[in-house]
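Chemist: sequence first, then the predicted structure, then my questions.
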Amino acid sequence: MAADGFEAFWSRERDRIYRALALSLTDHQLAAEAVDEAMTRALERWSKIGTSQYPAAWVYRVGFNWATSRRRYLAIRPLRRDHEIDRPECDPLPDVDLAAQLAQLRRDHRAAVVLRHFLQFSPTEIGAILEVPVGTAKSYIHRGLAELRELEQERTDG
């Protein structure tokens with residue numbers, strides 16, 4: 001029965017979490033690996049994760065942490081930007097300009113904006129996911145959106 005619940009969760013949330021990770025990590029391939037790794041871990045713990053209030057938040061956080069550790073392990077620096085990534089035939093991001101602009105934000109600002117506007121998590125939930133106080137999460141969201149507005153203004157002016 002728990003496996004049936006996981007299958008429904010996977011079908012409903014996998015693509016949404018993948019998109020959020022792709023935007024947060026600025027690397028489609030790493031995001032795909034991260035969401036698969038996190039979903040596998042969620043399945044292994046589904047009896048506990050499936051009863052939590054926000055299983056998608058848990059999967060996002062596990063995927064994000066796994067990808068961060070993987071980057072360190074592989075010593076991939078600097079971060080690859082969206083325009084340097086080989087794109088699959090079907091681009092998972094709805095707005096390439098948005099993805100490129102998000103890639104220019106600080107990692108914590110980018111993650112907060114993605115969690116708020118793509119996964120619709122509250123600032124309280126974002127604080128828990130990013131392991132920062134709620135006020136810091138709100139600040140990340142505010143600053144990230146302000147930076148995006150500035151980047152959009154520069155793009156339209158120039």
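Modeler: Yes, it's here.
Chemist: for the nearest residue to residue 71 once chain neighbours are set aside, give me the pLDDT.
Modeler: Leaving aside its chain neighbours, residue 71 sits nearest to residue 30 (7.3 Å; criterion: CB to CB, 6 or more residues apart in numbering). Every C-beta, even on glycine, is put in place using the N, C-alpha and C of the backbone. If you check residue 30, the pLDDT there is 92.
Chemist: and the helix or strand hosting residue 30, what other elements does it pack with?
Modeler: Here residue 30 sits within helix 28-44, counting by DSSP states H and E. Applying 3 or more CB pairs under 8 Å, 6 or more residues apart in numbering; DSSP states H and E, one finds that helix 28-44 makes contact with helix 2-25, helix 55-74.
Chemist: right, and the helix or strand after the lowest-mean-pLDDT helix or strand in the chain?
Modeler: One helix or strand of the chain scores below all others by mean pLDDT, DSSP states H and E: helix 96-103, with a mean of 77. Later in the chain than helix 96-103, the nearest helix or strand by DSSP H and E is helix 107-117.
Chemist: can you state the direction angle for the following helix or strand past that following helix and helix 107-117?
Modeler: Later in the chain than helix 107-117, the nearest helix or strand by DSSP H and E is helix 123-130. Relative orientation of helix 123-130 and helix 107-117, computed by axes from the mean of the first three to the mean of the last three CA atoms, to 10 degrees: 130 degrees.
Chemist: give me the contact list for helix 123-130.
Modeler: 54, 57, 60-61, 108, 111-112, 115-116, 121, 133-134, 136-138, 140-141 (CB atoms under 8 Å, 6 or more residues apart in numbering).
Chemist: let's see that with 10 Å instead.
Modeler: The contact list for helix 123-130 (CB atoms under 10 Å, 6 or more residues apart in numbering) reads 53-54, 56-58, 60-61, 64, 108, 111-116, 119, 121-122, 132-142.
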